[in-house]
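S.K.: Below are the sequence and a predicted model; questions follow.
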Amino acid sequence: MLFSFSGVVQKHLGRGKTLGYPTANIPIDPETQEGIFVGSVLYGETSYPALVFVGKPLTFGEYDKKAEIFLLDFDDDLYGKTLEISVLKKLRNNEQFNNQDALVAQMKEDERQAREYFSTMK
């Protein structure tokens, strides 16, 4: 494990959902390492595989560092819920994309890599 953190899921802009990747947004310590990671999320008594973004959403001109967590194969309302996140492996650095389509294409590749990672863990 690289690092871990926990927090209460907060509402943000809902942009992830419109991109096809609804995320749980959690405030993060400004000193936390940035990047796109594979992680595990403990919600209640169940652990879920996830993609974890830590950083500033540069593509959208945002400069507040945050954690955005996309739980794979999960569809439920997490607003106000506490999640415990274990960050397992870094996939890549945070980067700015020229447009939303380029970002979504990279997110699909990140998801493919995460699923591959978890398929080897079974």
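M.R.: That came in fine, so what should we check first?
S.K.: Could you use CA atoms for every contact and neighbour count after this?
M.R.: Noted.
S.K.: lowest average confidence, helix or strand, in this protein?
M.R.: In the chain, the helix or strand scored least confidently by mean pLDDT, DSSP states H and E is helix 15-18, which has a mean of 68.
S.K.: Tell me which helix or strand comes right after it.
M.R.: The first helix or strand that comes after helix 15-18 along the chain, using DSSP states H and E, is strand 24-26.
S.K.: average pLDDT across that next one?
M.R.: The average of the pLDDT scores along strand 24-26 is 94.
S.K.: contact partners of that strand?
M.R.: Under the criterion C-alpha atoms under 8 Å, 6 or more residues apart in numbering, residues 6-12, 66-70, 78-79 lie in contact with strand 24-26.
S.K.: one more time with 10 Å
M.R.: 5-14, 16, 52-54, 66-71, 77-83 (C-alpha atoms under 10 Å, 6 or more residues apart in numbering).
S.K.: Any of those buried? List them.
M.R.: 5, 7-9, 16, 52-54, 66-71, 78, 82-83 (16 or more other C-alpha atoms under 10 Å).
S.K.: Select the longest helix from this protein.
M.R.: helix 100-119 (DSSP state H).
S.K.: so what secondary structure elements neighbour that helix?
M.R.: Counting contacts by 3 or more C-alpha pairs under 10 Å, 6 or more residues apart in numbering; DSSP states H and E, helix 100-119 packs against strand 35-43, strand 46-55, strand 82-92.
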